[in-house]
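> below are the sequence and a predicted model; questions follow.
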Amino acid sequence: MNSKKRNWTPYWLLLPSFIYLALFFAYPMVRGLVLAVWDDEALLPMRTEATLNSPESGNIHIGEQVEILGRQGNLIPADEEVVDNLLTETWFRVEGETESGEAFSGWSSETRIRVREEADDGTPLAGTVRTKLGSGADPLTTLYSEPNEKSDVVASVEPRTVVQIAELTTLELWFNIRGEEDGQVVEGWVPSRFLQIFEDETRGRIDRGTAGEFTTEFISKMVNDRFFWPAVRTTLLLMLLIIPAQFVLAIIMALVIQARLKFNSIFLYIFSIPLGVSDLAAGILFFAIFTQNGLLNSVLQGLGLIDTARPYLTNETRYWILIAIWLAEVWRATSIVMVIVVSGLQAISDEVLEAAELFGAGLWDRIRYVILPLLRPSLQVALILRTILALQVFAVVVALSGGDVVTVLANETYRQYFELRNNNVAAAYAGFILLLSMITSVIYLNAIRTQEEIEGDA
Amino acid sequence: MAEIKIENVQKRFGDFVAVDDATLTVADREFVVLLGPSGCGKTTLLRTIAGLGMADSGRISIGGRDVTYLPPRERKLSMVFQSYAIFPHMNVYDNIAFGLKMSKVAKPEMDRRVHESAEMLHIEQLLDRFPGKMSGGQRQRVAVARALAMQADVLLMDEPLSNLDALLRLEMRAELKRLLSDIGVTTIYVTHDQIEALSMGDRIAVMKDGVIQQIDHPTTVYDLPSNQFVGSFIGNPPMNFLNGEIVRENGLQVRVGDYLIRPEPELANLIQNIDGTTVRLGIRAENMEAVAQPADDALQVSVLVVEPLGSQNLLTVRIGDDLVKVATHPTFDAAPNTDLWLRFPTDQIRWIHPESNVTLYA
Amino acid sequence: MSTNIGSTKPAPRELNSFQRKMLRRQKLNRGFTYGIGICIVLWILVPIFFIFSMAFTTPEVVRSYPKSILPFIPFSMDTMRFFLASEGIWAGTLNSIIVAVITLLLSTIIAAPAGYAISRYIFPWRNFYRLSILTVRAFPIVVLSIPLAILFIRAGIFDNIYSLALMHTALALPTSILVIGSVFASIPYDLEEAAMVFGCTPFQAFRHVVLPLVLPGMAASAVFTFVLSWNEVFAASILTVQNRTLPAQVLAALTNSSEAYQFAGGFFMLIPALIFMFFIRNYLFNMWGQVSK
């Protein structure tokens, strides 16, 4: 081993793994958990003026009903794509001559110009100034230096003046809205893309936002989802049924291996085959057995116990599906526990077992007083690992029930993400699975550690 | 009665015969040591007696009961393992009490016996300690206490002292001997250390290659070994062996170098019957007489090495082609590359048949 | 004085009834253990054999009921061929292999130095590192897949088998580090010291002495990583849409596919398990042994 002065080698050696895990594990993890409680688009910031540069005047929640106080066109930033809900208005830069022969060139909203001439591709080329309807209104149309009502007035033009349309530009409409937020009345300008307008531009509703906030909305969505509680029940039920069975079977398998019979090597090979089988393949295997034309029915019929094929994997026979899942998981995942148990067993010296036998312990006594206590650390690890994996059982369920008749938490996560496109709720499910995993781990660690502490063992 | 009778026991591992036709009777309360080099089968024999491995043929009885095919726990034995085999997850009290618990001994009695055993081994203060926090010597005591608490008729011990350091081994040897003789349990003790064997056993069974060579009281094994192997294995330094030439004139004499030895009459007849001209002599280092001055009735030898061991001087001398160890009083003056004269008292010479290696006795 | 030299075969003795009973009890115990072992072997092999027989017979037999006792009547490659020709299967297999190989290489390259470090050096933070590796190891894959998918979408590398390989590596790393660490730990440092005494630099000592000894264990760990990656279903289903791996493809087609497809698919996915487990069975205990404290 190296001397006391600081040796940087180990740190260099660890660095790649550390970076990799931080990047592809820690960071996504945190983001994922955040995703479950952070709604990216819950709030819409409002501005004091109808431009993105002006300061914020407050936030308003999506879904809020608002009054529309005014509208204004605004240049769309060039790099933004066209989005839905965008209300636009087109402005023309028109050129022409007044009756008095003065040339003018200025911007006006296209609503003020009637297009009379268009190019082949529809681009407006020329038109006339429209009359203003309604009495009491200013009959002249104002032209501005920029496509913005706030800019300088360049000219005022009579109706029916002929103009050439030199340029056009599309502006996004901004609306000055008033609504309620946190019990207070707020006002501000927002781009139209975030609004739904009705009632003739007097009322509107915030459609989506750009700022995020913490919310339990996704969590409540998840909990209130009609599949949530069934999924939880089924997952926990499976867990409670599968794990004890696996441990008993694994211990039996481990003892067979430890007995070192002839052909031990072959036993070992076959016992560990399921380790390499994917949960999907295992699901298919047992599907093949339980399907109506499958092995189980064939055997039962061959033995004369039934007359016709019985269905096992249908909606009416949920408990059979559970049994099939139970079998598939026990079949597949027991090998891992067996390997851990065998390693633990090998650590128990033969002489200790011989001593136990010599001092009067039969097989049961040996298992109870010597083997199990000494296996405790291995069993602890195996238990935690298996439980966490059991909480994630996925493909087996899909293979045996299509994910509909019987559903589990992992399945729901997949469904929310894939079919319902609901990333946040999917993340909530994932977070819930994580929470369950952590809780069970802590329970195991405590339940087992307490005993050790009582015994005062190192 | 807890007499152990082993009759013609054989134990094989595949084709390899580990214990071949072993026959041994251990009387009640007797302490017998199985002694031999590594691989001689002593541990295998012990384990077969314990039931940790079934005998392939032969019969084992304990207290008149045939136990040959019984599993260990039905043989009513107690054992101390070489590695101690203490249960690491139980404290000392539970370790010692284990066998009693398995036999369903009542709690007060169990408690009494545990404390009694612990006292005998001087470990009462360790009763609630765990093995992980104890030294090797302490663990060894726990192993012995556990075995003794059973108060079984038979105690088996598999090299219990070999994992201790030299000083501790010395102490424990004496302590064990005293303890066991006080208790008076029939004991079979396995060791490869001949000093331990000589020190502790009522009788020693020397084994080699699965075969018991000799079973006798220590002094007999020491003084009257049954063959060359036993002679060379027992004793420190081991017995010396020299080749001598049989001279069949003027009665029977044996020539070593230019020195003639006249064997005792009963033995001379046996030597007479040897086919051939050589016979081997065995004599212990301390049984030769060494004189520094030339003597007519002594053999002249040259000293090669002098080892001053404190209690004696051990000289390595050359006799013909053989190297011989001679033990002398520590004040005896000798130096390397000087000469020495040795006398061989005939009653101390053991005559060994050159082919069968068996010692000739009348 | 009694001596007992030379071996004469003892005269064969009659066993009395008591001894016979004891001997029988011994044999019964052994037989019982064999029996249990064989039962478990059957339990494991029967489903596999059934799928095997279904995968290599005609689709008609696959659909038929009841299934006959004798398998492979008739023997036919039709079902397998049908499966292999199905949409996305060959591509999926290729993708699975690529992902698994990349995962294997990447995780071994990153894990090896880390494993060496934790087995050979004692440094502050060592326990912290080990603890975090253990926690990461126990992490649910489900929890990781969703945010990674979103991350990859944002980064523009979604639906890409290389990004799936990155994720699989993240999942395989902790186990690899621990396994390789325990493999290195099983080789005493004395060997390296001896090599250095005889003139090697630390690196040469590593290369000539340690590396040959750890290669089998590391190879086993790599094989295991390959199998894990090949089998992985959940993340593959989430992270790949067009460029699916085999399990993701089969899962997606599962509800709409015929039994023949499923059976052939199931068997096909099993093949690596059958092959690889045979080779690494002896290393399994090395790999998982260190796990238990």
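Looks like it came in fine. Numbering: from 1, shown residues only, chains lettered A, B, ... in the order given.
> low pLDDT regions in the stretch 301-450 of chain A?
A:403, A:448-450 (pLDDT under 70).
> the helix or strand where C:Val179 lies close to chain A?
In this structure, C:Val179 sits in helix C:161-185 according to DSSP states H and E. Yes - legend: contact between helix C:161-185 and chain A by CB under 8 Å from any CB of the partner chain is shown at C:Leu166, C:Met167, C:Thr169, C:Ala170, C:Leu173, C:Pro174, C:Ile177. No exception for glycine: its C-beta is placed from N, CA and C like everyone else's.
> for the next helix or strand after that helix, buried residues please.
For helix C:161-185, the succeeding helix or strand toward the C-terminus, using DSSP H and E, is helix C:189-197. Within helix C:189-197, the residues that qualify as buried are C:Glu192, C:Ala195, counting by 16 or more other CB atoms under 10 Å in any protein chain shown.
> now whichever helix or strand comes after helix C:189-197: mean pLDDT?
For helix C:189-197, the succeeding helix or strand toward the C-terminus, using DSSP H and E, is helix C:202-205. The average pLDDT for helix C:202-205 rounds to 80.
> and helix C:202-205 with chain A, contact?
No - Helix C:202-205 lies out of reach of chain A by CB under 8 Å from any CB, never closer than 9.3 Å.
> most surrounded residue in the residues of helix C:161-185 next to chain A?
Highest neighbour count within these, by other CB atoms under 10 Å in any protein chain shown: C:Ile177, with 30 neighbours.
> so who does that one touch?
A:Ser17, C:Ala111, C:Ala114, C:Gly115, C:Ile118, C:Ile133 (CB atoms under 8 Å, 6 or more residues apart in numbering or on different chains).
> how far is the longest strand seen in chain A from where the chain is centred?
Longest strand in chain A by number of residues (criterion: DSSP state E): strand A:162-181. Remark: strand A:162-181 is offset 37 Å from the chain centroid, using CA atoms, centre = their mean, to the nearest Å.
> residues in contact with the helix or strand following that strand: which ones?
Using DSSP H and E, the helix or strand that directly follows strand A:162-181 along the chain is strand A:184-191. If you take CB under 8 Å, 6+ apart as the criterion, strand A:184-191 is touched by A:44-51, A:54, A:56-60, A:69, A:72, A:74, A:86, A:172-180, A:206.
> in ChimeraX, how would I select the buried members of those?
A single ChimeraX command is used to select the members of the contacts of strand A:184-191 judged buried by 16+ other CB under 10 Å:
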select /A:44,45,46,47,49,50,57,58,59,60,72,74,86,172,173,174,175,176,177,179,206
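> which stretches of the chain form helices?
As the question left the chain open, I've gone with chain A. Taking DSSP state H, the helices of chain A run over residues A:9-21, A:27-37, A:217-224, A:228-258, A:264-272, A:279-290, A:295-302, A:318-346, A:350-358, A:363-366, A:372-390, A:395-401, A:409-418, A:423-455.
> actually, chain C is the one I wanted.
Under DSSP H, chain C gives helices at C:17-55, C:59-63, C:78-85, C:89-120, C:126-137, C:141-155, C:161-185, C:189-197, C:202-205, C:211-231, C:234-239, C:246-254, C:259-280, C:284-289.
> B:Arg47: what secondary structure?
For B:Arg47, the assignment made with DSSP: H, G, I helix; E, B strand; the rest coil gives helix.
> so who does the closest residue to chain B within the stretch 1-150 of chain C touch?
Per CB to the nearest CB, C:Met22 is where the stretch 1-150 of chain C lies closest to chain B, at 3.1 Å. Contacts for C:Met22 (CB under 8 Å, 6+ apart) come out as B:Thr68, B:Tyr69, B:Leu70.
> export those as JSON lines, with columns for pLDDT.
As requested, the contacts of C:Met22 are arranged in JSON lines below (pLDDT from 0 to 100):
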{"residue": "B:Thr68", "pLDDT": "88"}
{"residue": "B:Tyr69", "pLDDT": "83"}
{"residue": "B:Leu70", "pLDDT": "84"}
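> list the ones among the residues you listed that fall in strands.
Short answer: the contacts of C:Met22 have none in strands (DSSP E).
> ok, and of these, which contact chain C?
Answer for the contacts of C:Met22 near chain C (CB under 8 Å from any CB): B:Thr68, B:Tyr69, B:Leu70.
> just among the contacts of C:Met22, which is most surrounded?
B:Thr68 (23 neighbours).
> got the CA positions of stretch A:61-69 in CSV?
The C-alpha trace of stretch A:61-69 is given here as CSV (Å, rounded to 0.1, in the frame of the first residue of the first chain):
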residue,chain,number,x,y,z
HIS,A,61,-51.4,31.0,-13.9
ILE,A,62,-52.5,29.1,-16.9
GLY,A,63,-56.2,28.5,-17.0
GLU,A,64,-57.0,31.8,-15.6
GLN,A,65,-59.8,33.8,-17.2
VAL,A,66,-58.8,37.3,-18.1
GLU,A,67,-60.2,40.5,-19.5
ILE,A,68,-58.6,41.9,-22.6
LEU,A,69,-57.9,45.5,-22.3
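> so for it, mean pLDDT?
The model assigns stretch A:61-69 a mean pLDDT of 81.
> what's the answer for stretch A:264-274, then?
On average, stretch A:264-274 scores 88.
> is it up against chain B anywhere?
No - using CB under 8 Å from any CB, stretch A:264-274 never reaches chain B; the gap is at least 15.8 Å.
> residues making contact with that stretch?
Taking CB under 8 Å, 6+ apart as the rule, stretch A:264-274 contacts A:253, A:256-257, A:261, A:282, A:331-335, A:338-339, C:37, C:40-41, C:44-45, C:48, C:273-274, C:277-278, C:281-282, C:284.
> 7 Å instead?
A:253, A:256-257, A:331-332, A:334-335, A:338-339, C:37, C:40-41, C:44-45, C:273-274, C:277-278, C:281, C:284 (CB atoms under 7 Å, 6 or more residues apart in numbering or on different chains).
> ok, back up a step: export the contacts of C:Ile177 to JSON lines and tack on distance to chain B and neighbour count?
As requested, those are exported to JSON lines (distance: CB to the nearest CB, whole Å; neighbours: other CB atoms under 10 Å in any protein chain shown):
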{"residue": "A:Ser17", "distance to chain B": "32", "neighbour count": "25"}
{"residue": "C:Ala111", "distance to chain B": "32", "neighbour count": "29"}
{"residue": "C:Ala114", "distance to chain B": "30", "neighbour count": "27"}
{"residue": "C:Gly115", "distance to chain B": "27", "neighbour count": "28"}
{"residue": "C:Ile118", "distance to chain B": "23", "neighbour count": "26"}
{"residue": "C:Ile133", "distance to chain B": "26", "neighbour count": "23"}
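> let me know the pLDDT of B:His192.
Taking B:His192 on its own, its pLDDT is 93.
> contact partners for it?
Here B:His192 is in contact with B:Gly36, B:Pro37, B:Ser38 (CB under 7 Å, 6+ apart).
> would you map out the domains in chain B?
Using automatic domain parsing, the domain ranges for chain B come out as B:4-229, B:240-352.
> where among the ones you listed is average confidence lowest?
Among these, domain B:240-352 carries the lowest mean pLDDT (a mean of 88).
> quick one: that one near chain C?
No - applying CB under 7 Å from any CB of the partner chain, one finds domain B:240-352 out of contact with chain C, separated by at least 13.1 Å.
> any idea how far the residue of the stretch 1-150 of chain C found nearest chain A lies from A:Val30?
Nearest to chain A, among the residues of the stretch 1-150 of chain C, is C:Pro147, at 2.9 Å (CB to the nearest CB). The gap separating C:Pro147 from A:Val30 is 8 Å, by CB to CB, to the nearest Å.
> the two: who's more crowded?
Per other CB under 10 Å, whichever of C:Pro147 and A:Val30 has more neighbours is C:Pro147, with 24 against 11.
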